[in-house]
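Participant: Predicted model follows, preceded by the sequence.
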Amino acid sequence: MDEQLYQSAFLINGKTHTLSEWQHKTILLVNTATKCGLAPQFQALQQMHEELQDKGLVIIGFPCDQFKHQEPETDASMASVCELNFGVTFPLTHKIEVNGENTHPIFQALKKAAPGLLGSKNLKWNFTKFLISPNGEQIKRYAPTTKPQALLSDIKRWLK
């Protein structure tokens, strides 16, 4: 387990959190964008959140505006837009960067632990997904076009 993954702080609704709060749960992290063509995945993620949160799944959206400026919302308006347009109630963080010199430390750790196709480190697009097993023993990376439902067998394997 990479300590950077669990100790790096991020904000949800103005409150500071770390993944260590959910260390013993299965965690799905997704870089999101409300204006992305893949934004309908919000609905499938919300459905998974509703069905599996009581069984130990935590879903956290990390909004990112690095891909063709597809996250124009402010930190203040993002959650409202996601709830109104997609019914999202799972937590969303403040906007972060997932590539480049200002990459958020959580995504630095995720990319190191679970590189992409052909060992690439950078995220290619919005809705790249990282599934973290309880206690961070395994981390899986999924392409932006991988639908959330395709992760269900891996998620259920790691739920309590």
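Facilitator: Done, it's in.
Participant: Contact partners for Asn31?
Facilitator: The neighbours of Asn31, taking CB atoms under 8 Å, 6 or more residues apart in numbering as the test, are Gly61, Phe62, Pro63, Cys64, Ile96, Val98, Phe107, Leu123, Asn126, Phe127, Thr128. Every residue, glycine included, has its C-beta placed from N, CA and C.
Participant: Just to be sure, it is in a helix?
Facilitator: No: using DSSP: H, G, I helix; E, B strand; the rest coil, the secondary structure at Asn31 is strand, not a helix.
Participant: I'd like to know the beta-bridge partner residues of the nearest residue to it once chain neighbours are set aside.
Facilitator: In this structure, Asn31 finds its nearest non-sequential neighbour in Cys64, 4.5 Å apart by CB to CB, 6 or more residues apart in numbering. Beta-bridge partners of Cys64, counted by DSSP bridges, are Ile96.
Participant: Leu29: neighbour count?
Facilitator: 22 (other CB atoms under 10 Å).
Participant: ok, it to Thr128 distance?
Facilitator: Distance, Leu29 to Thr128, by CB to CB, to the nearest Å: 9 Å.
Participant: Show the backbone phi and psi for the residue lying farthest from the centre of the chain.
Facilitator: For the chain, the largest distance from the centre (CA atoms, centre = their mean) belongs to Leu118, which lies 21.6 Å off. Here the main-chain torsion angles of Leu118 (degrees, to the nearest 10) amount to phi 60, psi 30.
Participant: burial measure for Leu57, as a count.
Facilitator: Using other CB under 10 Å: Leu57 sits among 22 other residues.
Participant: so who does the closest residue to it other than its chain neighbours touch?
Facilitator: Excluding the flanking residues, the one nearest Leu57 by CB to CB, 6+ apart is Thr26, at 5.2 Å. Taking CB under 8 Å, 6+ apart, we find Thr26 in contact with Gly56, Leu57, Val58, Leu131, Ile132, Ser133, Pro134, Ile155, Trp158, Leu159.
Participant: Find me the pLDDT at the first one, would you?
Facilitator: The predicted local distance difference test score for Gly56 is 96.
Participant: Relative to Val98, how far out is it?
Facilitator: Distance of Gly56 to Val98, given as CB to CB: 25 Å.
Participant: quick one, which of those two is more surrounded?
Facilitator: For the pair Gly56 and Val98, the greater number of neighbours falls to Val98 (22 against 16), based on other CB under 10 Å.
Participant: That one reaches Asp65, doesn't it?
Facilitator: No: look at Val98 against Asp65 with CB atoms under 8 Å: they stay out of range, at 10.1 Å.
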